[in-house]
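Trainee: Need a 3D model of the sequence below.
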Amino acid sequence: ARALHAKTLARNVQKERMTQAEADAAAERIEYANALDAVAGASFAIEAASERLDLKKSIFADLRSRLSEDAILATNTSSISITEIATAVPGAEDRVIGMHFFNPVPVLPLVEVVASEISRRDYVDRAMFVSGAMKKQPIRCKSSPGFLVNRALLPYLFGAIEAVNDGANPDMLDQALVAFGMPMGPIELCDQVGLDVCLNAGEVIGISEESAQTLRSMIETGKLGRKSGSGFYEWDGKKAVRARATYDQDELDAIAADMLAPLVAECHDAVAEGVVDSADIADAACIFGIGFPAFRGGPLFWDESRSA
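Mentor: Reported below is the predicted structural model:
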């Protein structure tokens with residue numbers, strides 16, 4: 001953690017986002033500890049353990065006895081129900097909220113601030129304020145599988161996997177979405193995220209058996225994506241080894257629209273179900289969390305504008 005923080009601060013100084021004096025002052029404000037005793041009396045805790053319900057519940061049960069009596073208990077989960085995590089702290093369930101930061105955290109500004117049916121509104125408001133103070137872009141979400149961004153993102157990724165299974169050229173799929181304006185295509189993104197991570201998230205949020213079996217087969221042979229050097233693509237360090245051929249633009253446009261259809265549909269449904277308050281918020285979440293091209297206005301704005 002120390003090395004990562006030092007690297008991030010040094011990069012910010014290099015890019016003139018802060019002065020060296022500001023970086024030194026920020027480093028001095030960070031305290032490190034390897035035991036929960038260090039959080040005694042704190043009024044706000046954010047847990048960021050791996051995506052295992054049993055582990056998160058154990059941490060929260062331990063935290064409750066150490067923090068102040070009205071402390072906010074926030075989890076960085078990307079998919080686990082806030083209500084389920086809150087069962088670890090009987091009598092304090094309304095103090096549990098979600099604060100889902102997006103990786104890489106120093107780069108992506110979005111934070112999904114997630115409330116269960118019983119989360120205190122003033123605690124959610126405080127989490128929104130804290131996120132803003134961290135110079136993040138918070139959006140308020142209702143606790144439901146995948147919240148907003150992963151709910152929209154994963155069907156898009158799994159749809160691309162199914163297309164490859166049906167014979168589609170992965171390089172062409174990825175090029176279509178890059179031409180559309182996405183930072184990378186869905187197949188390369190699967191490799192970047194990690195095929196094991198994609199499978200684990202899909203098993204929580206929902207995944208077709210076809211996509212799940214494809215991912216399981218690859219994982220069993222040691223293909224995890226970029227981190228193992230091989231996935232849907234072979235990897236040379238941080239770069240995917242892709243054909244990067246030239247394709248007909250009309251074909252690319254049609255592929256992009258087809259691949260994005262599940263993402264758009266999930267955003268429509270999330271707004272209708274009240275997971276987020278409006279289409280504008282869903283669009284902002286996808287721009288700041290997924291990298292949906294801002295010049296397109298977000299998936300719902302884009303869908304509406306092309307239908308007009």
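
Trainee: where along the stretch 101-250 of the chain do the helices fall?
Mentor: Under the criterion DSSP state H, counting those that start in this stretch, the stretch 101-250 of the chain contains helices at 121-133, 149-165, 170-180, 186-193, 195-205, 209-220, 249-272.

Trainee: Just say which of those is most tucked in.
Mentor: helix 186-193 (a mean of 24; mean count of other Cβ atoms under 10 Å). Every C-beta, even on glycine, is put in place using the N, C-alpha and C of the backbone.

Trainee: For that one, which outside residues touch it?
Mentor: Contacts to helix 186-193, defined as Cβ atoms under 8 Å, 6 or more residues apart in numbering, come from residues 156-157, 159-161, 164, 170, 173-174, 177, 184, 198, 225-226, 231-233, 235, 240, 242, 259.

Trainee: how close does Ala115 get to Arg29?
Mentor: 28 Å (Cβ to Cβ, to the nearest Å).

Trainee: sorry, back to before: need the helices of the stretch 101-250 of the chain in TSV (columns: distance to Pro109 and mean pLDDT).
Mentor: Output for the helices of the stretch 101-250 of the chain, formatted as TSV (distance: least, Cβ to Cβ, whole Å; pLDDT from 0 to 100):
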stretch	distance to Pro109	mean pLDDT
helix 121-133	9	96
helix 149-165	12	95
helix 170-180	21	96
helix 186-193	18	95
helix 195-205	21	90
helix 209-220	29	95
helix 249-272	19	97
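
Trainee: Could you export those helices as JSON lines, including distance to Gln14?
Mentor: Below are the helices of the stretch 101-250 of the chain laid out as JSON lines (distance: least, Cβ to Cβ, whole Å):
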{"stretch": "helix 121-133", "distance to Gln14": "24"}
{"stretch": "helix 149-165", "distance to Gln14": "29"}
{"stretch": "helix 170-180", "distance to Gln14": "27"}
{"stretch": "helix 186-193", "distance to Gln14": "24"}
{"stretch": "helix 195-205", "distance to Gln14": "30"}
{"stretch": "helix 209-220", "distance to Gln14": "37"}
{"stretch": "helix 249-272", "distance to Gln14": "35"}
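
Trainee: wait, which of the ones you listed is closest to Glu22?
Mentor: Closest to Glu22 of those, according to Cβ to Cβ: helix 121-133, at 15.2 Å.

Trainee: Outside of the closest one itself, list whatever touches it.
Mentor: So helix 121-133 is in contact with 44, 72, 74, 94-95, 97, 99, 111, 113, 115, 137-138, 140, going by Cβ under 8 Å, 6+ apart.

Trainee: Name the member of the residues you listed that has the highest neighbour count.
Mentor: Compared across the contacts of helix 121-133, Val111 has the highest neighbour count, 27 neighbours, by other Cβ atoms under 10 Å.

Trainee: In this structure that residue contacts Cys141, no?
Mentor: No: checked against Cβ atoms under 8 Å, the pair Val111 and Cys141 is beyond contact range at 10.0 Å.

Trainee: Between the two, which contacts overlap?
Mentor: Between them, Val111 and Cys141 share no contacting residue under Cβ under 8 Å, 6+ apart.

Trainee: contacting residues around Phe44?
Mentor: Contacts for Phe44 (Cβ under 8 Å, 6+ apart) come out as 71-72, 74, 126, 130.
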